[in-house]
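Q: show me how the following folds:
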Amino acid sequence: MTDLRASGAVTGTGVRSRPRAALPALCATQITSWGIVYYAFPVLNPQITAATGWSTTAAAAFSGALLTSALTGIPVGRILDRRGPRTVMTTGSVLGVLAVLAVASAPNLIAFTAAWLLAGVAMAATFYQPAFAALTRWWGEDRIRAITIVTLAGGLASTAFAPLTAALAEHLSWRNTYAVLALVLALVTIPAHALALRGPWPPAPAPPSQRHTDSGSVTRSRPFLMLATAMTLNSFAMYAVVIALVPLLITRGASPTAAAWALGLGGAGQTLGRTLYATLARRTGVTTRTVTLITLGGAATAAFAMVTGPFPLLVGIAIVAGMVRGKPHPPPGHRRHRPLGHHPLRPPVRHPGRPGHPRLRSRPLRRGCPRRTARWIPRPVHHPRADLRRSSTPRPGK
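A: Numbering: from 1, shown residues only. Predicted coordinates for the structure are as follows:
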């Protein structure tokens, strides 16, 4: 049996093959990419609608970018799996700069919408998903720590760029503000992705020989559909607050700069929520935790509708909403890296430690699985009765 300590992680890489600058570079690029391509729009949206009269159609164009990002994520992931993150994320950074410049210079709503659709492609190639894929392949069994560092840094994107965007908008038009932000995006993300992600891209691990569960029956099941519906509605409510927060606070009497700071403090709440999530996960079950977070998200959204002030109270609600919104994404990984018997809606079946039961390569799988699921992998258990049965069972020829 191959010793994983000698050969590296299950992803086929070792510590020496990791690009040393990849982790800090991805922290910087996630903050910059999210801060400019995503969080600048909620801050500038009131100024855009006032100057152009596009009103709700501007937000619809931004929503189209998010939909484009979701649709292009699959082909982008396939390219990344073959070519590595350097090509994908550098190209995405270039597209992001071009998209922001196109937004800034859009002469009409059609061009504005087309620019945001291009930005959606850039999102798919530069946001969390490709960064997580790179960290998973390079960091192997240490990927959870690396991904946690990047997500904690990424939570500060609005904290850094929402006030900066508002400060620029006080002295510049929304078009010139986007032009300046495009320059910042180019200076930070393009060289960082091109230079820091140059490490050798290890081959994908071979899938273990095991039976596969019928995922189609799961996705058509009533519990899955109800859970997907609940999570979709919850995300819609939570992220609608992000887009509408600055205009809402302005109508409640806050200045654009103060409203942008409230949005930024909500980002700090995201980082705080991700920090505290581990404690919540240790003390609660999956069902209790999920229901609690969905309830808190709905309550925070309703609070914005009912509470009109004072402004510090609204900022506190924004921070609480950010904490709920900051619940971590599930650790990335292909299904072939999951433990045997893993099912997305029910815990895997515990294999009894009876004599003669096959152990199914328990040690390599346990090292390659996330910590939260590794406990389900069967471990060799010594049974004194097994020795008694072997000694008392007559063997042929004796």
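
Q: pLDDT weak spots in the protein?
A: 1-17, 206-216, 328-398 (pLDDT under 70).

Q: how is it carved up into domains?
A: 18-203, 224-331+360-372 (automatic domain parsing).

Q: the stretch 151-300 of the chain: helices as residue ranges?
A: Using DSSP state H, counting those that start in this stretch, the helices found in the stretch 151-300 of the chain span residues 157-171, 174-196, 215-219, 222-251, 256-283, 286-306.

Q: single out the most deeply packed of the ones you listed.
A: helix 157-171 (a mean of 21; mean count of other Cβ atoms under 10 Å). Heads up, the C-betas are built off the backbone N, CA and C, glycines and all.

Q: before we move on, the earlier item: mind putting the domains of the chain into JSON lines with distance to residue 217?
A: Listed next are the domains of the chain as JSON lines, based on distance: least, Cβ to Cβ, whole Å:
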{"stretch": "domain 18-203", "distance to residue 217": "22"}
{"stretch": "domain 224-331+360-372", "distance to residue 217": "9"}
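
Q: give me the number of residues near the spatially closest residue to residue 129 that is not a sequence neighbour?
A: For residue 129, ignoring the flanking residues on the chain, the nearest one in space by Cβ to Cβ, 6 or more residues apart in numbering is residue 73 at 6.0 Å. A count of nearby residues for residue 73, using other Cβ atoms under 10 Å, gives 18.

Q: is it correct that residue 73 is in contact with residue 124?
A: Yes. Using Cβ atoms under 8 Å, residue 73 is in contact with residue 124, at 4.6 Å.

Q: re the thing from before, before we move on, which element is the residue nearest to residue 129 in?
A: helix 56-83 (DSSP states H and E).

Q: residues near residue 221, how many?
A: With other Cβ under 10 Å as criterion, residue 221 counts 12.

Q: and it, backbone torsions?
A: In terms of degrees, to the nearest 10, the main-chain angles of residue 221 are phi -80, psi 160.

Q: repeat for residue 198
A: Main-chain dihedrals, residue 198, degrees, to the nearest 10: phi -90, psi 10.

Q: now for it: which residues touch it?
A: 19, 86 (Cβ atoms under 8 Å, 6 or more residues apart in numbering).

Q: using JSON lines, lay out the helices of the stretch 151-300 of the chain together with distance to residue 30.
A: Shown next, in JSON lines, are these (distance: least, Cβ to Cβ, whole Å):
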{"stretch": "helix 157-171", "distance to residue 30": "7"}
{"stretch": "helix 174-196", "distance to residue 30": "9"}
{"stretch": "helix 215-219", "distance to residue 30": "30"}
{"stretch": "helix 222-251", "distance to residue 30": "17"}
{"stretch": "helix 256-283", "distance to residue 30": "12"}
{"stretch": "helix 286-306", "distance to residue 30": "23"}
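
Q: picking up where we left off before, residue 218 is nearest to which of the domains of the chain?
A: Closest to residue 218 of the domains of the chain is domain 224-331+360-372 (Cβ to Cβ; 5.6 Å).

Q: distance from the chain centre to the closest one, please.
A: When C-alpha coordinates are averaged (Cα atoms, centre = their mean, to the nearest Å), domain 224-331+360-372 and its chain have centres 13 Å apart.

Q: swap in stretch 26-34?
A: 13 Å.

Q: likewise for stretch 41-54?
A: That offset, for stretch 41-54, works out to 28 Å (Cα atoms, centre = their mean).

Q: that older thread, and the helices of the stretch 151-300 of the chain: which comes nearest residue 133?
A: helix 174-196 (13.5 Å).

Q: name the helices or strands packed onto that closest one?
A: Applying 3 or more Cβ pairs under 8 Å, 6 or more residues apart in numbering; DSSP states H and E, we find helix 174-196 packed against helix 22-33, helix 40-52, helix 85-105, helix 157-171.

Q: just want the angle from the third one to helix 174-196.
A: Translated: helix 85-105. 170 degrees (axes from the mean of the first three to the mean of the last three Cα atoms, to 10 degrees).

Q: how about the last one?
A: Using the same axes, to 10 degrees, the interaxial angle of helix 157-171 with respect to helix 174-196 works out to 140 degrees.
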